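Peer 1: here is a sequence together with a model predicted from it:
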Amino acid sequence: MPSFGGNPLQQMSKYIVRRLAFLVITLLGVLTITFFLSRILPGDPARLAAGIRAGPEQVEALRRSLGLDRPLAEQYVRYITSVMRGDLGMSIRTRRPVRADLVEYFPATVELTIFATFLCILLGIPLGIFSAVRQETLVDHVLRVAAVAAVSMPSFWLGLLFQLVFFRWLGILPATGRVGLGFRPTHITGLYVLDSIITQNWAALGSCLKHLALPAMALAASSVAQISRMMRSSLLEVLSHDYVRTARAKGLKESAVILKHALRNALLPTLTVIGLQTGVLLSGAVPVEVVFSWPGIGLYAVQSIVFVDFMAILGVTLLMTIVYSGINLIVDVLYGVLDPRIQY
Amino acid sequence: MKFSLLVVGCLAAVLTAIPRLTTASTPIETLFVGVTEEPTMLDPAIDYTFGSMPVFRATYERLVTYNSRTEMVEPELAASWEISEDGLVYTFYLRPGVKFHDGATFDAYAVKTAYERVMTINEGPAWMLTTYVKSIDVVDDLIVRINLQHPFVPFLRVLTSYWGMGIPSPKAIAEHVEDLGKAFFRDHVVGTGPYKLVEWVKGQYIMLERFEDYWRGWPGKHLDRIVIQIVRDTTTMAMLLERGEIDIAYGIPVAELEPLKANPEIVVNVYDTYTTNMIAMNTTRPPLNDVRVRQALSYSFDYDSAMEVFAGYTKPLVGQIPPGLLGYDPTLPRYVFDLDRARELLAQAGYPHGGFTLEYTWVTEEPEGRRIGILWQEALRKLGIELKITEVTVAGHWDRISHPETTPDLANYRWSIDFPDALSILLPLYHGDYAPPVGYNISRWSNPRINELIDKAGIERDEEVRKQILREIQLLLLNDAPNIWITTVPVAICMRKNVHGFVFEPAYFSSFNFYNMYKD
């Protein structure tokens, strides 16, 4: 990370602007690669869309209407210019504008990822601290085994297990969907929890949270385990430093030593892992989306690939790149907040 | 240590304190149907998938309908019809007093508008009209005449299809004339059917509600509301059904039914469909261009063991036409598993010890193909033939079969009928003019006699003579062996025992006769 003198806030905003400018180049690169790679996929989208029994002239007519009959270079230029205007093209499979499809499916994924990330932070960090403080006790061993189990179990299997326990046996949490029938909040952002709060629809909020519980747990389990292990080892590392010994020698309470002095430094590597895990959660939701019938972007992406739906594939890629880069940027900025030695 | 004991203790206390809730039950006037496949769109002129079928059948109606039990065409929006002597003019006398969901009146003009829209858009199911229809005349408000380009005896059955033949409101079409209603109809439904679309929350559910002005009226027991719930995972779907959160589960694989069958609250039924599973042999190159090799392969397939792939719910196919369609003939001979006979035929063809490798493809979305391939691999090895198994996506499959050079030696595939007639199978799969990409004759087999007989079956009006023609075609095909005919694909419909009135429809197996169904 480059270091400059001067006003830190000013430096940081300069840094953010530079990163955003770089994002444009990244996006162009990713779109270009995806555009040409997707054309190598086996299958003819016009034939698929026209149907199995369509005659050659029907297929050609559809190919023309989709603009797929133009030379590849021309299609590429057309696509990039239309993206700049905010038009992501038409999905061949759903026959809707890709942008409309993304607006339909992406909020569900965002909501699930946000909650899974919350779980990661709220569970992963305290569990890590706990293990570190109780190093080599039974609790530490149990948590280690639990972490290994959570990392090794595939999310869809864990999802089914949660459904079996919390839905089938106990009957306390719903197994599928985003919200109970008739509870759907008025559409504002597409994030149901937020929409319920904005419209003060508390019944909807309750239903949304209940529906989020199991998929978020299934999705987060592996990341919680990784984050708690990371937290544990970095805290142990920090606790062996001289300044911690000094703090203790000063007669500070152990809780103050850990929470005030050690934690702040130990959080840095954990933050990187959280940032990375959020990206993993965002893109790794497909099995969870299937098990919980969660209407997210993952399933849409898979179906687009199977159907060779070029525009949809590109749209999802574009969106994911933006979000992933955004998360990285936030993590980098947070570094500076946590560690004043880091300058931009 | 003390702490962990405390945690374990608390957890145990919580788990035992929560009462095991009794099974939920859905409101009696609403039917919850779990389906794995969501429609991609709801335009009857464009959509050509099974996902939209539950909605199409509940909301749109056709001129005529097919009764798979009587094997007869019955009236729906047409009260009666006449077919001219030369088989070229179909005159339909329409039912008066039928309203669309938007209040428009159903008449001859609606039929003309609907079918001309399908033909103008010319996608998906349009070929069923463009291949046969020359023009459509409005004779008067309640009489419509469809003129054909050439006689096609099963044309009335073509009109019973749920793809392309559902009639939407001409008023709605007129209101969205700028793009032929494509943007409107992909998400909206305006038909004459018993239920109307209330809400489609993408990826979650589709809600249908009773259409009060439905022409049949609502005497007796009916449902007020239908909720078609998208449940992607079948294990989850089984759990939902067991807990009573859904009333019907559609899409649970037949191999996963045992736990449900043990539940007294649930009725599990497995039905035979008109969809068949087969292996096409590429007849354009050696060694499969030799009929003896194809026959040998037909003998090398263990048909009875293959039924295990379908959990034993189905039987080997006899001929090419499934039971329930005119032309099905249980007296036809069929290939049986006989490796000695296969060896003999291979020796005659010059391959006494096999000594060649064949590529076999199966389609990801039709997973039975994988197990069928593995099963066959074993048997073929005994004949000295190596089977190389390749998985392909639907897109990849269509791509490969589009050219003879890229068509695999052996391709596992399913075929579902478009309209309930033997020609919906024989014509696209075995007529020489229908090699992909025009049709689905993947093996690219062309026998002039078969072609001639298939053409004849399209114009022969005498049912007995037609039966004889269909039998002759099937006998010739069995001898030519361009395909290995395995079985019909069974589907399971599981429902809670308080659901009544369901009648299975083998042609459009993912649909339901919601109007006649009720709960108690």
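Peer 2: Yep, that arrived.

Peer 1: which one is residue 156 nearest to, not counting chain neighbours?
Peer 2: This is for chain A. residue A:287 (3.7 Å; CB to CB, 6 or more residues apart in numbering or on different chains). Heads up, the C-betas are built off the backbone N, CA and C, glycines and all.

Peer 1: the chain in question should be chain B.
Peer 2: Using CB to CB, 6+ apart, the closest residue to residue B:156 is residue B:73 (5.1 Å).

Peer 1: isn't that neighbour right up against residue B:157?
Peer 2: Yes - with contact defined as CB atoms under 8 Å, residue B:73 counts as touching residue B:157 (6.2 Å).

Peer 1: and the two? Which one has more around it.
Peer 2: More crowded of residue B:73 and residue B:157, by other CB atoms under 10 Å in any protein chain shown: residue B:157, with 23 against 19.

Peer 1: residues contacting the strand or helix carrying the more buried one, please?
Peer 2: Assessed by DSSP states H and E, residue B:157 sits inside helix B:155-158. If you take CB atoms under 8 Å, 6 or more residues apart in numbering or on different chains as the criterion, helix B:155-158 is touched by B:64, B:66, B:73, B:81, B:83, B:90, B:128-129, B:132, B:148, B:152, B:165, B:418-421.

Peer 1: so where's chain A shaky on pLDDT?
Peer 2: Along chain A, segments meeting pLDDT under 70 span A:1-6, A:343-344.

Peer 1: nope, the stretch 351-500 of chain B is what I was after
Peer 2: Using pLDDT under 70, nothing in the stretch 351-500 of chain B is flagged.

Peer 1: residues from the stretch 51-200 of chain B in reach of chain A?
Peer 2: B:122-127, B:182, B:186 (CB under 8 Å from any CB of the partner chain).

Peer 1: 10 Å instead, please
Peer 2: B:121-128, B:130-131, B:163-164, B:182-183, B:185-187, B:199 (CB under 10 Å from any CB of the partner chain).

Peer 1: likewise for the stretch 351-500 of chain B?
Peer 2: B:364-365, B:392-400, B:402, B:406, B:415-416, B:418, B:428, B:434, B:436-440.

Peer 1: OK, contacts around residue A:114?
Peer 2: If you count contacts by CB atoms under 10 Å, 6 or more residues apart in numbering or on different chains, residue A:114 has them with A:191, A:193-194, A:212, A:216, A:278, A:281-282.

Peer 1: what ranges does the stretch 51-200 of chain B have for its helices?
Peer 2: All helices of the stretch 51-200 of chain B, identified by DSSP state H, counting those that start in this stretch, fall at B:53-59, B:108-121, B:127-130, B:155-158, B:170-175, B:182-185.

Peer 1: residue B:264 is nearest to which of those?
Peer 2: Among the helices of the stretch 51-200 of chain B, the nearest to residue B:264 by CB to CB is helix B:53-59 (26.8 Å).

Peer 1: distance from that closest one to the middle of the chain?
Peer 2: Here the centre of helix B:53-59 is set off from its chain's centre by 14 Å, with CA atoms, centre = their mean, to the nearest Å.

Peer 1: next: stretch B:176-189.
Peer 2: 25 Å.

Peer 1: endpoint to endpoint, it covers what distance?
Peer 2: When the termini of stretch B:176-189 are compared using CA to CA, to the nearest Å, they are 13 Å apart.

Peer 1: same check on stretch B:64-74?
Peer 2: In stretch B:64-74, first residue to last residue: 6 Å (CA to CA).
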